[in-house]
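Peer 1: Sharing a model prediction with you, sequence too.
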Amino acid sequence: MKWNKKVVVRVLAIVLSYVLITVLLRMGLLNRQYTALLVPIGVNIMLAVSLNLVTGFLGELSLGHAGFMSIGAYAGALFTLNVNMPSGISILLAMIIGGVAAAVFGFLIGVPVLRLRGDYLAIVTLAFGEIIKSVLNALSFTNGARGLSKIPSYTNYEHYTLVFVVAVITVLVISNIVDSRHGRAVCSVRDNYIAAESIGISVSRFKILAFVIGAFFAGVAGVIYAHNVGIIKPTTFDYNKSIEILVIVVLGGMGSIKGSIIAAVILTALPELLRGADDLRMLLYSIALIVMMLFNQSGIRERIKGRIESSRKQKAGE
Amino acid sequence: MRMALLEVKNLGISFGGLKAVDNFNVSIEKGELYGLIGPNGAGKTTVFNLLTGVYQPNTGTMELDGVNLVGKSPSEICRSGIARTFQNIRLFKKLSVRDNVKVALHNDVEYSLLASIFRLPSYFSREKAMNEKSREILEVFGLEEYENSYAANLPYGKQRELEIARALATEPKLLLLDEPAAGMNPNETAELMETIKLIRDKFDITILLIEHDMKLVAGICERLTVLNFGTELASGETSEVLNDPKVITAYLGE
Ligand SMILES: Nc1ncnc2c1ncn2[C@@H]1O[C@H](COP(=O)(O)OP(=O)(O)OP(=O)(O)O)[C@@H](O)[C@H]1O
Ligand SMILES: [Mg+2]
């Protein structure tokens, strides 16, 4: 019963958001400034939800998520730049290649840092992101500091259906994992790794699992990003970008996938909405962030939720 | 002669210069309810940490059902049949009461990652089995009414019981309870004594418990070992040990 309701709500949410986007686009209700936001919103949803798996559910602060994104972006772009295939097949293969490349790095960084916890892990992931950036800067096939340009525009707003589908798949895969025996094991490591071990959970296995899956989807998001903007440089993916993703996750709530999605939409659109305010833009953006954080933290949300629930119960005559 | 389920010989560990446990021996038979007592800092919890692989011993051997335990990781030791509770409660606070038990069924009721991702039929059937099994275990402790609340929101005594429920879900041969009655009032303790006896019989397991509450110890333990400064002070039948002058002066007296 309850399960079915959950499925219905999910399907409705997916269909409605797709219809909404389509209607807005088809009816020309969005000007160019806003249509340009559609794909970045999808990308940020993927980045935030995948980082949430590592930070919210596994409980490890990762400051290198942009590093995984850059590996996906470069791997995918190098692929589409060097092959001659129909665009549909090319971008699909690029996403797989980008995702797998990032996942391999997720594994490589995951294994040695397994023994580290908390702050130490955060610093190592931060260093990882910066090292990737330097390596991309130094290599010749990535074209050094100038980066890659003329990347085919396979994921501009006209391809919003593709991006929408991939973002939905990302969200569904991660929320399905979270709500399963594997996800419970990941959460148990977060809540108390000593107790998790004591009931037979192999802590390192689930740390690696979360890292690899998180990296995979960050890589796919990187591919979409690269084919949306057309130019990528190592500096695009510095720690500022990692922090930006982390802010989305924290704002949406650690361990809340729904929250990550909503926060990704708001925080991607907000700078554009504030564009009119020119000089005050960054100031307003920061204030908005603080207000949203306070709203999350002060329990206002819980109180509103509680009130809604109790009024619902009253109506039901309970 | 019955074969011992747990056979520990000459177990020892030092932290820096401190011999926290030294030349510890114990042999516990199947189905026994065995007590481990002693003053604060005597090394009781350290014995549990050695048995469960949290620490590796400097000396000695440990066998469960004839299988060596030394050198194994905590999760391997759990899989070979030892489960425990903790003196400082270690629940999965942000998981529901039900999920705290379900996560302990992880190795018992399996399905693949692909089944999770694609919601294959095995996901639904195994999840259902897990729900039923966890409910059965929760009912033993009267915890089923809290099924959906966060573990962190349970009253203290219930948290201790949930830890036992979670440990039982791994289907251990040997259950280690570290001060299960700590922080409970006399009524709760009396109830807990009944529950401990009940689970020993219902789940057909062996129990080794650490406890400071002498009423509980005298009430349910068949045999005891008293630790003092990391070494054994006395061991044997509960009534004999509790009347041993050495034990009375070192621990019970005052
Ligand atoms: N990881 C550790 N590092 C250093 N010393 C330790 C460690 N673990 C335990 N000890 C020391 O070993 C001794 C035994 O501690 P243990 O926790 O086993 O005592 P206990 O018998 O369980 O006491 P209590 O009744 O207070 O729980 C103590 O002196 C303690 O400080
Ligand atoms: Mg102790």
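Peer 2: Yes, it's here. Residues are numbered from 1 along each chain as shown, chains lettered A, B, ... in the order given. Ligands and ions are numbered 1, 2, ... in the order given.

Peer 1: Report the contact partners of the residue at minimal distance from the centre of chain B.
Peer 2: Nearest residue to the geometric centre of chain B (C-alpha atoms, centre = their mean): B:L176, 2.0 Å. By C-beta atoms under 8 Å, 6 or more residues apart in numbering or on different chains, the residues touching B:L176 are B:48, B:51-52, B:82-85, B:207-209. Where C-beta positions appear, they are placed from N, C-alpha and C, glycine not excepted.

Peer 1: and if you look at B:A169?
Peer 2: Applying C-beta under 8 Å, 6+ apart to B:A169 gives the contacts A:199, B:101-102, B:104-105, B:108, B:133-134, B:137.

Peer 1: what ranges do the helices span in the stretch 101-250 of chain B?
Peer 2: Assigned helices in the stretch 101-250 of chain B, in chain order: B:113-118, B:121-140, B:156-169, B:186-202, B:214-220, B:238-242, B:245-247 (criterion: DSSP state H, counting those that start in this stretch).

Peer 1: out of those helices, deepest packed?
Peer 2: Stretch with highest mean neighbour count among those: helix B:156-169 (a mean of 22; mean count of other C-beta atoms under 10 Å in any protein chain shown).

Peer 1: thinking again about what came up before, I'd like the helices of the stretch 101-250 of chain B as a markdown table, with mean pLDDT and distance to ligand 2 appended.
Peer 2: As requested, these are exported to a markdown table (pLDDT from 0 to 100; distance: least, C-beta to the ion, whole Å):
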| stretch | mean pLDDT | distance to ligand 2 |
| --- | --- | --- |
| helix B:113-118 | 95 | 38 |
| helix B:121-140 | 96 | 25 |
| helix B:156-169 | 95 | 14 |
| helix B:186-202 | 93 | 18 |
| helix B:214-220 | 94 | 15 |
| helix B:238-242 | 93 | 19 |
| helix B:245-247 | 89 | 18 |
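
Peer 1: Is it possible to get JSON lines of those helices that adds distance to A:A210?
Peer 2: Formatted as JSON lines, the helices of the stretch 101-250 of chain B follow (distance: least, C-beta to C-beta, whole Å):
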{"stretch": "helix B:113-118", "distance to A:A210": "12"}
{"stretch": "helix B:121-140", "distance to A:A210": "19"}
{"stretch": "helix B:156-169", "distance to A:A210": "22"}
{"stretch": "helix B:186-202", "distance to A:A210": "34"}
{"stretch": "helix B:214-220", "distance to A:A210": "41"}
{"stretch": "helix B:238-242", "distance to A:A210": "47"}
{"stretch": "helix B:245-247", "distance to A:A210": "49"}
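
Peer 1: closest one to B:G38 among those?
Peer 2: Closest to B:G38 of the helices of the stretch 101-250 of chain B, according to C-beta to C-beta: helix B:245-247, at 9.1 Å.

Peer 1: Need the residues that contact that closest one.
Peer 2: Applying C-beta under 8 Å, 6+ apart, the contact partners of helix B:245-247 are B:226, B:233-234, B:241.

Peer 1: Please verify my assumption that A:V124 contacts A:R117.
Peer 2: No - in this structure, A:V124 is not within contact of A:R117 by C-beta atoms under 8 Å, at 10.7 Å.

Peer 1: who has more neighbours, those two?
Peer 2: Each of A:V124 and A:R117 has its neighbours counted (other C-beta atoms under 10 Å in any protein chain shown); A:V124 has more, 17 against 13.

Peer 1: How many neighbouring residues does whichever residue of the stretch 1-150 of chain B sits closest to ligand 2 have?
Peer 2: Nearest residue of the stretch 1-150 of chain B to ligand 2: B:T45, at 3.1 Å (C-beta to the ion). By other C-beta under 10 Å, 20 other residues sit near B:T45.

Peer 1: ok, it - contacts?
Peer 2: Under the criterion of C-beta under 8 Å, 6+ apart, the contact list for B:T45 reads B:87, B:178, B:210.

Peer 1: what pLDDT does the residue nearest to the centre of chain B get?
Peer 2: B:L176 carries a pLDDT value of 98.

Peer 1: Return the distance of the nearest residue to it once chain neighbours are set aside relative to A:L108.
Peer 2: Using C-beta to C-beta, 6 or more residues apart in numbering or on different chains and skipping the chain neighbours, the partner closest in space to B:L176 is B:R84 (3.9 Å). Using C-beta to C-beta, to the nearest Å, B:R84 is found at 35 Å from A:L108.

Peer 1: Which residue of the two possesses the greater neighbour count?
Peer 2: Each of B:R84 and A:L108 has its neighbours counted (other C-beta under 10 Å); B:R84 has more, 27 against 14.

Peer 1: is it true that the more buried one touches B:L174?
Peer 2: No - using C-beta under 8 Å as the test, B:R84 is too far from B:L174 to be in contact (9.0 Å).

Peer 1: Up against ligand 2, what does chain B have?
Peer 2: Contacts of chain B with ligand 2, taken as C-beta under 5 Å from the ion, map to B:45, B:87.

Peer 1: interface residues of chain B facing ligand 1?
Peer 2: Within chain B, the positions adjacent to ligand 1 are B:15, B:18, B:20, B:38, B:40-46, B:87 by C-beta under 6 Å from any ligand atom.

Peer 1: Among those, which pair sits farthest apart?
Peer 2: Greatest spacing in the residues of chain B next to ligand 1, by C-beta to C-beta: B:L18 and B:Q87 (18.6 Å).

Peer 1: more neighbours, these two?
Peer 2: Neighbour totals were compared for B:L18 and B:Q87, and B:Q87 leads with 14 against 11 (other C-beta under 10 Å).

Peer 1: Same question for stretch B:47-59: list its buried residues.
Peer 2: Buried residues in stretch B:47-59, counted by 16 or more other C-beta atoms under 10 Å in any protein chain shown: B:47-55, B:57.

Peer 1: with those in mind, which one is nearest to chain A?
Peer 2: The closest of these to chain A turns out to be B:T52 (C-beta to the nearest C-beta; 6.2 Å).

Peer 1: residues contacting that closest one?
Peer 2: A:198, B:74, B:77-78, B:82, B:84, B:176.

Peer 1: Next, give phi and psi for it.
Peer 2: Main-chain dihedrals, B:T52, degrees, to the nearest 10: phi -100, psi 10.

Peer 1: And for the one 4 residues further on?
Peer 2: Recorded main-chain torsions at B:Q56 are phi -100, psi 130, according to degrees, to the nearest 10.

Peer 1: Contacts only, for it.
Peer 2: Shown in contact with B:Q56 (C-beta under 8 Å, 6+ apart): B:13, B:50, B:70-71.
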